[in-house]
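> This is a predicted model, with the sequence first.
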Amino acid sequence: MIAYGLAKASVHQLVKSLASEGSGLPAGARANAILPITLDTPANRKFAAADTDFSTWTPMDVIAEQFLAWASKKQSPTTGTLYKVATEKGKTDFRPVD
């Protein structure tokens with residue numbers, strides 16, 4: 001569990017570092033990350049318990065649509081923002097995390 005926590009913290013710090021001025025990214029580039037709870041993938045379904053509530057799993061097409069909105073600038077997230085991704089009853093929210 002220590003390695004898992006360390007890896008997550010490293011990604012969070014990487015996003016913050018890349019978003020800072022002088023990071024080496026081109027002007028106008030953004031660095032953001034998503035923090036999903038459970039993604040609905042074939043591999044996750046394969047190992048899910050029989051009584052799993054899939055309405056709390058985030059579909060991959062929802063993630064893809066959000067990335068497309070950000071990439072096409074239909075939405076413009078603040079660089080350096082981490083987004084908690086939570087799905088409940090089939091509805092997915094992307095909420096900024098401090």
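That came in fine, so what should we check first?
> Spatially central residue for this structure, please.
Centroid-nearest residue in the chain, with Cα atoms, centre = their mean: I34, separated by 1.4 Å.
> Can you name the residues bridging to K84?
L35, R95 (DSSP bridges).
> so it makes contact with T58?
No: with contact defined as Cβ atoms under 8 Å, K84 does not count as touching T58 (10.8 Å). Where C-beta positions appear, they are placed from N, C-alpha and C, glycine not excepted.
> intersection of neighbour lists for these two?
Shared contacts of K84 and T58, defined by Cβ atoms under 8 Å, 6 or more residues apart in numbering, comprise I37.
> Just want to know which of those two has more residues nearby.
T58 (22 against 13; other Cβ atoms under 10 Å).
> Surely the more buried one and T41 touch.
No: applying Cβ under 8 Å as the test, T58 and T41 come out as separate, 9.8 Å apart.
> so what does the longest helix belonging to the chain touch, helix or strand wise?
In the chain, taking DSSP state H as the definition, the longest helix is helix 2-19. Judged by 3 or more Cβ pairs under 8 Å, 6 or more residues apart in numbering; DSSP states H and E, helix 2-19 is in contact with strand 33-36.
> Now do the strand it packs on, average pLDDT.
Here strand 33-36 scores 95 as its mean pLDDT.
> Next: stretch 45-64.
What stretch 45-64 shows for mean pLDDT is 96.
> May I see the buried residues of it?
57-58, 62-63 (16 or more other Cβ atoms under 10 Å).
> end to end, how far does that stretch reach?
19 Å (Cα to Cα, to the nearest Å).
> Stretch 21-35 now?
End-to-end distance for stretch 21-35, by Cα to Cα: 23 Å.
> Show residues contacting it.
Under Cβ under 8 Å, 6+ apart, the answer for stretch 21-35 is 11-12, 14-15, 17-19, 63, 66, 70, 77-85, 94, 97.
> For the longest helix of the chain, C-alpha coordinates in CSV please.
The C-alpha trace of helix 2-19 is given here as CSV (Å, rounded to 0.1, in the frame of the first residue of the first chain):
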residue,chain,number,x,y,z
ILE,A,2,2.9,2.4,0.6
ALA,A,3,4.1,2.1,-3.0
TYR,A,4,0.5,2.8,-4.3
GLY,A,5,0.2,5.9,-2.1
LEU,A,6,3.7,7.1,-3.1
ALA,A,7,2.8,6.7,-6.8
LYS,A,8,-0.4,8.6,-6.4
ALA,A,9,1.3,11.4,-4.5
SER,A,10,4.0,11.6,-7.2
VAL,A,11,1.5,12.0,-9.9
HIS,A,12,-0.2,14.8,-8.0
GLN,A,13,3.1,16.6,-7.5
LEU,A,14,4.1,16.1,-11.1
VAL,A,15,0.9,17.8,-12.3
LYS,A,16,1.4,20.7,-9.9
SER,A,17,5.1,21.0,-11.0
LEU,A,18,4.3,20.9,-14.7
ALA,A,19,1.6,23.5,-14.3
